[in-house]
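> With the input below, show me the fold.
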Amino acid sequence: MASSKNKLGLWTSTSLVVGNMIGAGVFLVPAAMASFGSISLLGWIFAAIGTFFLARVFSGLNKLVPKATGGPYAYTRHGFGDFAGFLVAWGYYISNICANAAITISFVSAMSTFFPVLATSAIAAVSTGLGAIWLLTWINTRGITTSGDVQLVTTILKLVPLVVIAIGGLFFIRIENFHPFNSTGSSVFEAITSAATITMFSFVGIECATIPAGSTQDPEKTISRATMIGLVVATLVYLLGSVSIMGIIPQKTLQHSVTPYADAAEIMFGHKARYWASAGAAIAAFGCLNGWTLVQGQIPFAIAKDKLFPAVFGLQNKKGAPYFGIIISSIFVSLFMTMNYTKGLVEQFKFLILLATLAVLIPYLFCAAAYVIIRFDKKHLHSGGWMSAILVGTLAFAYSLWAIAGSGQSSVYWGFMLLMAGIPFYVWVVYKKKVDAEKP
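Here you go, the predicted model:
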């Protein structure tokens, strides 16, 4: 058990939520949304509302099951049992590894603005990516507070260019750039649904404060506050940033931009501003990778503690860091990242990212249902507020289901196959537990 001085406080927990939600991808989202028209701004609002109910679910679960390291895994196991908990953890863990590989690639891409060789040399790109992965692996093995400090600093640094453009850009808006309102040719509802499908993935990470609960100060209060503050900060950054960029850059131009924030910064402050916008993207990717590296050690650590994963993943060093899980995970992240620079394996990498997206959404579905189940335990039933719990859980469940449906049939199919692939491993774990229990 970590001492109080080696635990995460409110602001480091908040930075874990904000930092893991706001990655380098946010710098490209305005361009992806431009084809919908200004109606896409409603997509942000709808996604934020849905995520609000998820945030309420995770805040409620944290109070009902305090100090439960593992977040979505711990809550699912508490509500549905070992098997469901294992499946959620299995999918979430693989998703984490695949996503970290993608984040590393986005970091290398952002750094290519300053070092053009990274865009032309696969060796230079792979070396830089591996350097980032293993630097952050080392940082995370130094203890959770060291990782938290890095997360807090990088989150502040990444927010600076985003906030400057989001707020400063409001003074450069041209109203005519918001026309047409709906350029999709479909109904308003269909356009909002399509836009929200893209934006909802920017809110993945809302659960991150719950994952290292056992290493958080006063987790019942800290995690709930960090989750809600993180949601508010991310929503304001997303929404105001999109409003500013859409108002600064004409829709037809914005649709084809590969660096919308940098383009807006150049219009606002001149050509050199492109570089600090690109620096913001690089810092965003680096900070996001740090936060998810922390998670990639905590998830297998939590499963191993419950004897549903090899015990070696539960080993901790003198700093209290689950070093073995972090290192093993980083080896896989390194392999998947390198795959992207091997021409024959590019499609396989894209396939893994498709699975990663869905594998994060499925735990949300289980947690929304687990919230209602746990709330109706005898020890919680007479504490009041159960009607509110049913409403929040139902709305969070519906939103999660909508998000999964919006990820596409192919994603759902292969995501199901991914989860089922974990069953033989679970059978082996259960068999080994029984054999060990029968030993004299």
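> what bits of the stretch 251-400 of the chain have low per-residue confidence?
Residues of the stretch 251-400 of the chain that meet the criterion pLDDT under 70 lie in 343-355, 378-385.
> Now with 90, please.
Flagging of the stretch 251-400 of the chain using pLDDT under 90 yields the residue ranges 251-266, 269-282, 284-285, 295-299, 304-314, 319-321, 336-362, 374-389.
> mind listing the helices in it by residue range?
251-255, 260-269, 273-305, 323-339, 346-375, 378-381, 386-406 (DSSP state H, counting those that start in this stretch).
> The stretch 51-200 of the chain too?
Going by DSSP H, counting those that start in this stretch, the stretch 51-200 of the chain shows helices at 72-80, 82-111, 117-120, 122-140, 144-168, 188-199.
> how close does Ala302 sit to Glu190?
40 Å (CB to CB, to the nearest Å). The C-beta positions use only the backbone N, C-alpha and C, and glycine is treated the same way.
> Who has more neighbours out of these two?
Higher neighbour count among Ala302 and Glu190: Ala302, with 28 against 12, using other CB atoms under 10 Å.
> quick one, what contacts that one?
Thr69, Gly70, Tyr73, Ala74, Ala89, Ile211 (CB atoms under 8 Å, 6 or more residues apart in numbering).
> and with 6 Å instead?
By CB atoms under 6 Å, 6 or more residues apart in numbering, the contact list for Ala302 reads Thr69, Gly70, Tyr73.
> how many other residues sit next to the residue nearest to Ile373 when sequence neighbours are not counted?
Leaving aside its sequence neighbours, Ile373 sits nearest to Gly79 (CB to CB, 6 or more residues apart in numbering; 4.3 Å). Applying other CB under 10 Å, we find 23 residues neighbouring Gly79.
> Distance of Gly79 relative to Ala368?
Applying CB to CB, the value for Gly79 to Ala368 is 10 Å.
> okay, the closest residue to Gly280 other than its chain neighbours: pLDDT?
Nearest residue to Gly280, sequence neighbours excluded (CB to CB, 6+ apart): Pro161, at 3.4 Å. On the pLDDT scale, Pro161 is placed at 87.
> Pull the number of nearby residues for Pro161.
For Pro161, the count of nearby residues is 23 (other CB under 10 Å).
> Now do the same contact list for it.
Contacts for Pro161 (CB under 6 Å, 6+ apart) come out as Trp276, Ala277, Gly280.
> what's near enough to touch the first one?
Contacts of Trp276 were listed using CB under 6 Å, 6+ apart, and they are Pro161.
> Same question for Thr69.
Ala213, Gly214, Ala302.
> I'd like to know how far the residue lying closest to it once chain neighbours are set aside sits from His179.
Excluding the flanking residues, the one nearest Thr69 by CB to CB, 6+ apart is Gly214, at 3.8 Å. Counting by CB to CB, the gap from Gly214 to His179 is 52 Å.
> got it, and Leu289?
39 Å.
> which of those two has more neighbours?
More neighbours surround Leu289 than the other of Leu289 and His179, with 29 against 11 (other CB under 10 Å).
> excluding its backbone neighbours, what's nearest the more buried one?
Once flanking residues are discounted, Leu289 sits nearest to Ile103: 4.7 Å by CB to CB, 6+ apart.
> Test my guess that the one you found contacts Asn290.
No - the pair Ile103 / Asn290 is not scored as a contact, 9.7 Å apart, by CB atoms under 6 Å.
> what about the closest residue to Ala282 other than its chain neighbours, neighbour count?
Closest residue in space to Ala282, ignoring its immediate chain neighbours: Ala110 at 3.8 Å, by CB to CB, 6+ apart. Number of residues near Ala110 (other CB under 10 Å) recorded here: 23.
> And Asn182, by the same measure?
Counted with other CB under 10 Å, the neighbours of Asn182 add up to 18.
> now what about stretch 30-40, what contacts it?
178, 180-184, 191, 195, 198, 242, 245, 251, 254-255, 257, 260.
> residues in contact with stretch 426-439?
Contacts of stretch 426-439 (CB under 6 Å, 6+ apart): Phe86, Lys307, Leu308.
> Let me see the contact set for the last one.
By CB under 6 Å, 6+ apart, Leu308 lies in contact with Phe86, Val429.
> how about stretch 131-142: buried residues?
Ala132, Ile133, Leu136, Thr137, Ile139, Asn140, Thr141 (16 or more other CB atoms under 10 Å).
> Turn those into a markdown table, columns for pLDDT and distance to Trp414.
Converted to a markdown table, the buried residues of stretch 131-142 look like this (pLDDT from 0 to 100; distance: CB to CB, whole Å):
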| residue | pLDDT | distance to Trp414 |
| --- | --- | --- |
| Ala132 | 96 | 28 |
| Ile133 | 96 | 25 |
| Leu136 | 95 | 28 |
| Thr137 | 96 | 28 |
| Ile139 | 94 | 33 |
| Asn140 | 93 | 30 |
| Thr141 | 93 | 33 |
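> wait, which of the residues you listed is closest to Ser411?
Ile133 (25.7 Å; CB to CB).
> do you know how far the closest one is from Ile105?
With CB to CB as the criterion, Ile133 and Ile105 are 11 Å apart.
> Please apply the same query to Val427.
35 Å.
> Counting neighbours, go ahead and name the busier of those two.
Remark: of Val427 and Ile105, Ile105 carries more neighbours, 22 against 10, as counted by other CB under 10 Å.
> And the pLDDT for the residue nearest to Ala282?
pLDDT at Ala110 comes out at 82.
> who are the neighbours in contact with it?
Ala110 sits next to Ala24, Ser278, Ala281, Ala282, Ala285 when contact means CB under 6 Å, 6+ apart.
> try 10 Å this time
24, 27, 118, 259, 277-286 (CB atoms under 10 Å, 6 or more residues apart in numbering).
> Same list (these) but as CSV, adding neighbour count and distance to Val65.
What follows is these, written out as CSV (neighbours: other CB atoms under 10 Å; distance: CB to CB, whole Å):
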residue, neighbour count, distance to Val65
Ala24, 24, 33
Phe27, 29, 36
Leu118, 21, 44
Thr259, 18, 43
Ala277, 25, 41
Ser278, 22, 42
Ala279, 19, 40
Gly280, 26, 37
Ala281, 27, 37
Ala282, 23, 37
Ile283, 22, 34
Ala284, 28, 32
Ala285, 27, 32
Phe286, 25, 32
